[in-house]
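Engineer: Let's see this in three dimensions:
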Amino acid sequence: SIPVKKEHKDFLRNVLVPLHKCRKLEKFHEQLVACCVQFVFKDPSVAPVILGGLLKFWPIQSPTKEEMFIAEVVNVVNAMI
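Structural biologist: Residues are numbered from 1 along each chain as shown. Model (predicted):
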């Protein structure tokens with residue numbers, strides 16, 4: 001399989017992961033998770049970037065958003081296995 005290009009990893013780190021702090025995350029979270037999981041399927045070494053970003057932007061006062069983040073963590077970890 002072809003490795004993930006550096007510019008795609010940069011896009012993941014600089015664009016996709018920061019989208020998790022968006023106020024209207026619920027409108028596109030499912031698609032964002034699918035993108036992140038595809039990155040992990042292609043190259044498991046990007047999983048720490050995603051998981052670290054989730055921890056960085058972890059919602060403190062939104063239980064609904066926190067549930068979405070927990071589900072995403074499970075999806076990312078499962079993609080690594």
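Engineer: where do the helices sit along the chain?
Structural biologist: 6-11, 29-42, 47-56, 63-80 (DSSP state H).
Engineer: State the mean pLDDT of the third one.
Structural biologist: Averaged across helix 47-56, pLDDT comes to 97.
Engineer: Please apply the same query to stretch 72-81.
Structural biologist: For stretch 72-81, the per-residue pLDDT averages 95.
Engineer: Could I get the buried residue list for that stretch?
Structural biologist: 72, 75, 76, 79 (16 or more other C-beta atoms under 10 Å). C-betas here are computed from N, CA, C, even on glycine.
Engineer: closest to residue 23 out of the helices of the chain?
Structural biologist: Closest to residue 23 of these, according to C-beta to C-beta: helix 63-80, at 9.4 Å.
Engineer: hmm, back to that, could I get the helices of the chain in CSV, plus columns for distance to residue 22?
Structural biologist: Shown next, in CSV, are the helices of the chain (distance: least, C-beta to C-beta, whole Å):
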stretch, distance to residue 22
helix 6-11, 16
helix 29-42, 9
helix 47-56, 13
helix 63-80, 10
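Engineer: for the buried residues of stretch 72-81, which one is nearest residue 51?
Structural biologist: Taking these together and measuring to residue 51 by C-beta to C-beta, the closest member is residue 76, at 6.1 Å.
Engineer: so the closest one makes contact with residue 49?
Structural biologist: No - under the criterion of C-beta atoms under 8 Å, residue 76 makes no contact with residue 49, lying 10.1 Å away.
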